[in-house]
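Colleague: Return a 3D structure for these sequence lines:
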Amino acid sequence: MSVASLNRETAFQARSLFRSLLRYSGQFSNYNFREYARRKTRDSFRENQHITEERRVQELMQEGLQSLRLLKRQTVISQFFQLDKLVVEGQKTGKETGNHGDIVRQKDTGWD
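Modeller: Residues are numbered from 1 along each chain as shown. Reported below is the predicted structural model:
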């Protein structure tokens, strides 16, 4: 295996790991955990994007795979403890429209 193909393969594995981490971080039921996991993933990859030393890259890939296993476990656990969605999550406000576009019923998402 040549060095060029090894680098391409490593780059492919890193992108695949990045996508998997983002996919699983989006499955948290809690908004704060979800956004923290996404931000942590992006920041970690940006911080280490210029590392070319093969040994260090493999260490970082192992850390990423360990984080992925952790995320998989934690997203399953978070599904057991679902709370109401926050206003900042952009959920639907409960608008129901009639035949002509007029509002029939609207759920208020403000202060209770």
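
Colleague: Only C-alpha atoms from now on, for both contacts and neighbour counts.
Modeller: Will do.

Colleague: on contacts alone, who are the packing partners of the longest helix anywhere in the chain?
Modeller: Using DSSP state H to define each element, the chain has its longest helix at helix 54-78. Applying 3 or more C-alpha pairs under 8 Å, 6 or more residues apart in numbering; DSSP states H and E, one finds that helix 54-78 contacts helix 3-25.

Colleague: By neighbour count, which bits of the helix it packs on are buried? Give me those.
Modeller: Residues Thr10, Ala14, Leu17, Phe18, Ser20, Leu21, Leu22, Tyr24, Ser25 are the ones in helix 3-25 that count as buried (16 or more other C-alpha atoms under 10 Å).

Colleague: Using CSV, write out the CA atom coordinates for the helix or strand just after it.
Modeller: Counting by DSSP states H and E, the element after helix 3-25 in chain order, helix or strand, is helix 31-47. Output of helix 31-47 as CSV, limited to C-alpha atoms (Å, rounded to 0.1, in the frame of the first residue of the first chain):
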residue,chain,number,x,y,z
TYR,A,31,-31.2,20.3,23.3
ASN,A,32,-28.2,21.2,25.5
PHE,A,33,-26.5,17.8,25.3
ARG,A,34,-27.2,17.7,21.5
GLU,A,35,-25.7,21.1,20.9
TYR,A,36,-22.7,20.4,23.2
ALA,A,37,-21.9,17.2,21.4
ARG,A,38,-22.1,18.8,17.9
ARG,A,39,-19.9,21.7,19.0
LYS,A,40,-17.4,19.5,20.7
THR,A,41,-17.1,17.3,17.6
ARG,A,42,-16.7,20.2,15.2
ASP,A,43,-14.1,21.9,17.5
SER,A,44,-12.1,18.8,18.0
PHE,A,45,-11.8,18.1,14.3
ARG,A,46,-11.0,21.7,13.5
GLU,A,47,-8.3,21.8,16.2
